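*Asks:* Quick one: sequence plus predicted model below, questions after.
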Amino acid sequence: SSVRATGVTTQKAPALVEFYHSLRKQEVKRDSPESRNHLKPAATSAHNSIVGEIQNRSAHLLAIKADVQTKGEFINDLIQKVLAAAYTDIEDVLKFVDWLDVELSSLADERAVLKHFKWPERKADAMREAAIEYRDLKLLESEISCYKDDTDIPCAAALKKMAGLLDKSERSIQQLIKLRNSVMRSYQELKIPTDWMLDSGIVSKIKLATEPHLHISTVLSD
């Protein structure tokens, strides 16, 4: 029963402690000079590794603690700015999120530090989500608009490339529609602009950009 109890304890021990115990067992088994000489380099390396990992973890935790203790005013100011953010243009959200990310990058561990404050996670994450989605769609629109038919490329290859671009635009539009159906109300509550998500927004720009390529694709297919 004592063996069974020891096994349970070992399974429940943290990974670092369990690793340390395994090293101790190796030391016990060293019953000859040959085995000691053979195992010493490996044991030393493992010991240094575990000590280094503990030191890194300790330094990380100390950095988090220092941020919590010394950057309270800075973080509370960011909290007020996030709560007060109310835009009608998604481009302004993009700029705000980029600025916020730069400010938060000064923290040792964003999530670990902010959990000690009344961080408006729901709104901040929603603004980031909107900014990422809009940026991706904007890049897609630019990619489609800037696409030019290369006469040096064989017709079949050009058609395949164009079809891939059109398929990508269709998937992106469907993804936006799905997102729109799930977040429209919450975005409005959080004062995040939603006009860009409508069919008359970025979607219409993407469709307008794809029209010439759809025509060319049809002609080439024929």
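*Replies:* Arrived safely, thanks for sending. Numbers count the residues shown, from 1 in each chain.

*Asks:* Helix or strand: which one has Glu143?
*Replies:* Glu143 is part of helix 121-146 when elements are defined by DSSP states H and E.

*Asks:* what's the next secondary structure element after that helix?
*Replies:* Under the assignment DSSP H and E, the closest C-terminal helix or strand after helix 121-146 is helix 155-189.

*Asks:* Could you check that next one and say which residues are buried?
*Replies:* Of the residues in helix 155-189, Ala158, Met162, Leu165, Ser169, Ser172, Ile173, Leu176, Arg180, Val183, Tyr187 count as buried by neighbour count, 16 or more other C-beta atoms under 10 Å. C-beta here means a position set from N, CA and C on the backbone, and glycine is covered the same way.

*Asks:* which residues touch the residue nearest to Asp136 when sequence neighbours are not counted?
*Replies:* Counting by C-beta to C-beta, 6 or more residues apart in numbering, the nearest residue to Asp136 once its immediate chain neighbours are dropped is Ser172, at 7.1 Å. By C-beta atoms under 8 Å, 6 or more residues apart in numbering, Ser172 lies in contact with Asp136, Leu137, Leu140, Ile206.

*Asks:* that older thread, export the buried residues of helix 155-189 as a markdown table, with columns for pLDDT.
*Replies:* Shown next, in a markdown table, are the buried residues of helix 155-189 (pLDDT from 0 to 100):
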| residue | pLDDT |
| --- | --- |
| Ala158 | 74 |
| Met162 | 81 |
| Leu165 | 86 |
| Ser169 | 91 |
| Ser172 | 94 |
| Ile173 | 94 |
| Leu176 | 95 |
| Arg180 | 95 |
| Val183 | 97 |
| Tyr187 | 98 |
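
*Asks:* The residues you listed: which two are farthest apart?
*Replies:* Using C-beta to C-beta, the buried residues of helix 155-189 reach their maximum pairwise distance at Ala158 and Tyr187, which is 39.3 Å.

*Asks:* hang on, the earlier thing: now do the buried residues in the helix holding Glu143.
*Replies:* Buried, per 16+ other C-beta under 10 Å, within helix 121-146: 123-124, 126-127, 130-131, 133-134, 137-138, 140-141, 144.

*Asks:* And for stretch 72-87?
*Replies:* Applying 16+ other C-beta under 10 Å to stretch 72-87 flags Ile75, Leu78, Ile79, Val82, Ala85, Tyr87 as buried.

*Asks:* what helix or strand is Tyr87 on?
*Replies:* Per DSSP H and E, there is no helix or strand for Tyr87.

*Asks:* Please tell me I have it right and it contacts Leu190.
*Replies:* No: with contacts defined as C-beta atoms under 8 Å, Tyr87 does not count as touching Leu190, sitting 10.6 Å away.

*Asks:* Count the neighbours of Val203 for me.
*Replies:* The tally of other residues near Val203 (other C-beta atoms under 10 Å) stands at 20.

*Asks:* Pull the contacting residues for it.
*Replies:* Ile173, Leu176.

*Asks:* Distance of Ser182 relative to Ala86?
*Replies:* Applying C-beta to C-beta, to the nearest Å, the value for Ser182 to Ala86 is 22 Å.
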